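**Q** Build me a model from this:
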Amino acid sequence: MLLFQPPTTTVVNSIDRYYHEFLEILPRIALGIFVIIAGVLIAQLITNIYKRRILKKANDPLMARFLAQAIKIILILISIMIALEVAGLSGIAAGILTAAGGAAIILGFAFQDIGKNFLAGIILAFNRPFRINDTIKIDTMFGKVKALNFRYTHIKTTDGRDIYIPNSDVLTKPVENYTADGFFRLEFVVGIGYENDIEKAKLLIRQVLANNKNIIQDEAHESFVIEDELAASTINLKVFFWINTIDYRVTSSVLRGLVIKEVKEALAINGFNLPADITELKLYSTEEDIPLKLRKDPRDLLENNK
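**A** Below is the predicted model:
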């Protein structure tokens, strides 16, 4: 025969039962908390040792930082799973993982751009077309790589500006690396008169290039001169030469200007004409006079008045 118990007695009995069950599993919960704390401390210790001994010596800092964070996260997750097992709560581990996955999806939609850049940073950690101190161009942004992070790439332009490029742009847009193999070819055009000897001019320019110690001279990086254009007043010669790109700003700007100066002086000393561009004026049938007015040099007028 079942005896009817008042609601108050039922509640008290339930609380008493849950209290005793809690006291039974309390040591395991405390041990689980201890395991989590110990796991976090051990993960932090291992990460710090990794950063001190490996990160500073790594050739690829982005990959090194990625591995450091990955090791830390994996160790913490392992400690949490062990703690749940020790506390007798292994059954809720699957629920926690499911909830974490759902939260990750929600956060992914909420912070889509940040997540996209972070994932691009992870991909670039394994496969990246440049390194620290490389000179690169992404879209219209040109400069030297100063830092690599999971969200952005930091470059410094030749005029001193700091630009932070989202990694999603680095991953999806064409990247030009000017220092990947340490060599870069420069070029410029010089015009000589039609009456000058083209072959002698080319020979003279090649001699100027050969005498410059800052220009790379080997079988794979040969300097040469070609006829480029028959212009209005000049025969244009295009000059090609290779430089070392350890310091791209200096070698590409300063050295190029120096070579142009040396070529110009050598051509002038050896009697080559360097004509200026000719401006052509046309007189159409609707115009009676040439749209040009000539006047004397003011200096001639001053001399006549003396």
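
**Q** the strands in the stretch 201-306 of the chain, which residues?
**A** Taking DSSP state E, counting those that start in this stretch, the strands of the stretch 201-306 of the chain run over residues 215-216, 224-230, 235-244.

**Q** And the contacts of the second one?
**A** Outside strand 224-230, the residues within contact range by Cβ atoms under 8 Å, 6 or more residues apart in numbering are 189, 198, 202, 205-206, 235-240. Heads up, the C-betas are built off the backbone N, CA and C, glycines and all.

**Q** now do the first one
**A** Residues from elsewhere that reach strand 215-216, judged by Cβ under 8 Å, 6+ apart: 183, 209, 223, 241-244, 255, 259.

**Q** buried subset of those residues?
**A** Among the contacts of strand 215-216, those buried by neighbour count (16 or more other Cβ atoms under 10 Å) are 209, 223, 241-244, 255, 259.

**Q** where's the dip in pLDDT among those?
**A** On pLDDT alone, Asn244 ranks lowest of the buried ones among the contacts of strand 215-216, at 81.

**Q** Look up the residues forming beta bridges with it.
**A** Beta-bridge partners recorded for Asn244 (DSSP bridges): Phe183.

**Q** Can you tell me the closest non-neighbouring residue to Lys202?
**A** Nearest residue to Lys202, sequence neighbours excluded (Cβ to Cβ, 6 or more residues apart in numbering): Val225, at 4.4 Å.

**Q** How about Ile260?
**A** Nearest to Ile260 is Phe188, by Cβ to Cβ, 6+ apart, at 5.6 Å.

**Q** For the one you found, give its distance to Asp218.
**A** From Phe188 across to Asp218, the span is 21 Å (Cβ to Cβ, to the nearest Å).

**Q** now do Lys72
**A** Counting by Cβ to Cβ - Lys72 and Asp218 are separated by 47 Å.

**Q** Comparing those two, which residue is more hemmed in?
**A** Of the pair Lys72 and Asp218, Lys72 is the one with more neighbours under other Cβ atoms under 10 Å, namely 18 against 8.

**Q** contacting residues for the more buried one?
**A** Here Lys72 is in contact with 43-44, 46-47 (criterion: Cβ under 8 Å, 6+ apart).

**Q** Now it: phi and psi?
**A** Per-residue torsions, Lys72: phi -60, psi -50 (degrees, to the nearest 10).
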